[in-house]
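[1] Next one to model:
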Amino acid sequence: MVWVKKYPKAFPLWIGKFVATLVITHPEYAKAVFGRSDPKTSTGYSFLVPWIGKGLLVLSGDTWFQHRRLLTPGFHYDVLKPYVKLISDSTNVMLDKWDPLCDNESVELFHYVSLMTLDSIMKCAFSYHSNCQTDSDNSYIRAVYDLASLTQRRIRTFPYHSDLIWHLSPHGHRFRRACQIAHLHTEKVIEERKKHLRNEEELEKVRQKRHPDFLDILLCSKDEGGRGLSNEDLRAEVDTFMFEGHDTTASGISWILYCLAKYPEQQQKCREEIRGILGERSSMEWEDLTKLSYTTMCIKESLRLYPPVPSVSRELSKPVTFFDGRSLPAGAIVSLNIYCIHQNPTVWKDPEVFDPLRFSQENSADRHPHAFVPFAAGPRNCIGQNFAMNEMKVAVALTLNQFELLPDESKPALKLPQLVLRSKSGIHVFLKKAP
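    Got it, this is the predicted structure:
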């Protein structure tokens, strides 16, 4: 916050004596970069490649454009619509686990929410019921958890940036074993679905039994030349969606619930709105999502204060000139600091205050379109942002319908910006049955 107050547009950040990054903190500067399709920088993302391959997250150029076009139909609202029931089911499994924890010690949210989002994405995107919230011995679930934590460890341990040191280290060995387990699981899921889709009679049964999911669309997509994705590309996109679709959403939901615990008046307003929509139901429906007007404003305000992806970076493929005449050459590294943009006092009045009414229709009308960018913006924005928003709405609504959340003042959350925004101390709240 000190830096964004001092430099409300941008500032240079030197890593050692040779690597410089321009950190962007203003929406008008961000607009100039988000409007392009520059590739992401290799630092950090390259450490993910052995796990997620070269999928949409790390691709660039014509290959990225081809994959983006093939994957976009997987996020059409007709595809997303049946997911609401599945997300409700996963959320209710999590809430059932919370029920005996009421009035006891505080609950660390991220652990439970992360399992729930992993459960949801496997049900929705791959029609795969893993029971990961109740089966702690599932080898694939353990592998995904290991891969996420080991990647974070590698990023923050400078000697591990060396491929040789990482390869020889015990953490690198664990990472390779977890990759093998995850890849074997992904290949098995893909191969089983391919067999179903080859059989016309079986294909018709599948269509009648369940919704077409992300994996169906991946396998059936073809470009203008009739070419689909290769086996390697398929695995990369499945693993990329698993990584991007559960950890980031888990961060978003956890911080939203933390905010509502801190602000009981807003929490109660959300609960009244939610109960007016749900009635006696314990599951959300597609039509409910657009009725959650105040709850959605609270979700957006939390995403402003605690963006799940706090920054993204780009390597400029050609020069850029900003609105004030300053420019950068091709090859320059740019960090679009979403957290700083959301906290910029020249853009947001009292940016540290939790005020959901910032996102009312009248208050949003004149705001810069790049002032609020939790899912980035432009052609490289988050392809799954509608899926993520729907999951956040369902999880928050069903949670507040059952529980009252109270902050644990002895364990305040301490922001830890990594690939996703976490807390050094965990995200702890007390649970009570909602009256």
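
[2] show me where the chain has strands.
    Ranges of strands in the chain, per DSSP state E, are 10-15, 19-24, 107-108, 311-315, 320-321, 327-328, 333-337, 403-407, 415-417, 421-423, 428-433.

[3] and Asp288, which of those is closest to it?
    For the strands of the chain, proximity to Asp288 was assessed by CB to CB; strand 403-407 is nearest, at 18.5 Å. All C-beta atoms are positioned from the backbone trio N, CA, C, and that covers glycine.

[4] Show me what counts as buried in the closest one.
    Buried positions in strand 403-407, judged by neighbour count with 16 or more other CB atoms under 10 Å: Phe403, Glu404, Leu405, Pro407.

[5] what do you get for stretch 213-226?
    Asp213, Phe214, Leu215, Asp216, Ile217, Leu218, Ser221.

[6] Now intersect the residues you listed with the helices, please.
    Phe214, Leu215, Asp216, Ile217, Leu218 (DSSP state H).

[7] List the contacts of the fourth one.
    Right, the one you point to is Ile217. Leu71, Pro73, Gly74, Val79 (CB atoms under 8 Å, 6 or more residues apart in numbering).

[8] now do the first one
    Neighbour list for Phe214: Gly74, Val79, Cys124, Ala125, Phe126, Phe241 [criterion: CB under 8 Å, 6+ apart].

[9] Nearest residue to the last one in space, ignoring adjacent ones along the chain?
    Which is Phe241. The shortest distance from Phe241 to any non-neighbouring residue, by CB to CB, 6 or more residues apart in numbering, is to Ala125 (6.0 Å).

[10] Ok, the second one next?
    With CB to CB, 6+ apart as the criterion, Val79 has its nearest non-adjacent residue at 6.6 Å, and that residue is Pro212.

[11] quick one on the thing from earlier: would you mind checking the contacts of Ile217 for buried ones?
    Leu71, Gly74, Val79.

[12] Among those residues, which one lies nearest to Leu168?
    Leu71 (36.6 Å).

[13] so the closest one makes contact with Cys382?
    No. Using CB atoms under 8 Å, Leu71 is not in contact with Cys382; the gap is 11.9 Å.

[14] one step back: count residues in the vicinity of the residue nearest to Phe241, would you?
    25 (other CB atoms under 10 Å).

[15] Going along the chain, name the helices of the stretch 301-435 of the chain.
    338-342, 361-364, 385-402 (DSSP state H, counting those that start in this stretch).

[16] Mean neighbour count, these: which tops it?
    Of the helices of the stretch 301-435 of the chain, the one with the most neighbours on average (mean count of other CB atoms under 10 Å) is helix 338-342, at a mean of 25.

[17] which secondary structure elements does that helix contact?
    Judged by 3 or more CB pairs under 8 Å, 6 or more residues apart in numbering; DSSP states H and E, helix 338-342 is in contact with strand 19-24, strand 311-315.

[18] export the strands of the chain to TSV and tack on distance to Ala376 and mean pLDDT?
    Output for those, formatted as TSV (distance: least, CB to CB, whole Å; pLDDT from 0 to 100):
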stretch	distance to Ala376	mean pLDDT
strand 10-15	17	85
strand 19-24	12	88
strand 107-108	28	94
strand 311-315	6	90
strand 320-321	16	94
strand 327-328	19	94
strand 333-337	7	93
strand 403-407	29	96
strand 415-417	15	86
strand 421-423	14	91
strand 428-433	29	95
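
[19] Mind putting these into a markdown table with distance to Gln152?
    Putting the strands of the chain into a markdown table (distance: least, CB to CB, whole Å) gives the following:
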| stretch | distance to Gln152 |
| --- | --- |
| strand 10-15 | 18 |
| strand 19-24 | 20 |
| strand 107-108 | 17 |
| strand 311-315 | 15 |
| strand 320-321 | 31 |
| strand 327-328 | 29 |
| strand 333-337 | 18 |
| strand 403-407 | 26 |
| strand 415-417 | 9 |
| strand 421-423 | 8 |
| strand 428-433 | 20 |
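
[20] Might you report the residue contacts of Ala143?
    With contact set as CB under 8 Å, 6+ apart, Ala143 has these partners: Ala178, Cys179, Ile181, Ala182, His185.

[21] picking that back up, what is the nearest of the buried residues of strand 403-407 to Ile155?
    Among the buried residues of strand 403-407, and counting by CB to CB, the member closest to Ile155 is Pro407, at 29.7 Å.

[22] which one is the closest one nearest to, not counting chain neighbours?
    Nearest one to Pro407, counting by CB to CB, 6+ apart, is Ala261 at 4.6 Å.

[23] What lies in contact with stretch 168-182?
    50-51, 139-140, 142-144, 146-147, 150-151, 153-154, 160, 165-166, 239.

[24] what do you get if the cut-off is 10 Å, keeping everything else the same?
    Taking contacts as CB atoms under 10 Å, 6 or more residues apart in numbering, the residues outside stretch 168-182 that touch it are 47, 50-52, 139-151, 153-154, 157, 159-160, 162-167, 235, 238-239, 242-243.

[25] Got a ChimeraX select line for the buried ones in those residues?
    Per 16+ other CB under 10 Å, the buried members of the contacts of stretch 168-182 correspond to this ChimeraX selection:
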select :47,50,51,52,140,141,143,144,145,146,147,148,150,151,153,154,160,166,235,238,239,242,243
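
[26] Flag the shaky bits of the stretch 151-300 of the chain, pLDDT-wise.
    199-211, 223 (pLDDT under 70).

[27] try it again with 90
    By pLDDT under 90, the weakly predicted segments of the stretch 151-300 of the chain are 151-158, 161, 182, 185-235, 237-247, 280.

[28] can you pull out the helices in it?
    Using DSSP H, counting those that start in this stretch, helices in the stretch 151-300 of the chain cover 163-168, 170-198, 200-209, 214-220, 231-262, 264-278, 293-305.

[29] any chance of the ones you listed in JSON lines, with distance to Val4 too?
    Shown next, in JSON lines, are the helices of the stretch 151-300 of the chain (distance: least, CB to CB, whole Å):
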{"stretch": "helix 163-168", "distance to Val4": "33"}
{"stretch": "helix 170-198", "distance to Val4": "34"}
{"stretch": "helix 200-209", "distance to Val4": "51"}
{"stretch": "helix 214-220", "distance to Val4": "37"}
{"stretch": "helix 231-262", "distance to Val4": "19"}
{"stretch": "helix 264-278", "distance to Val4": "25"}
{"stretch": "helix 293-305", "distance to Val4": "14"}
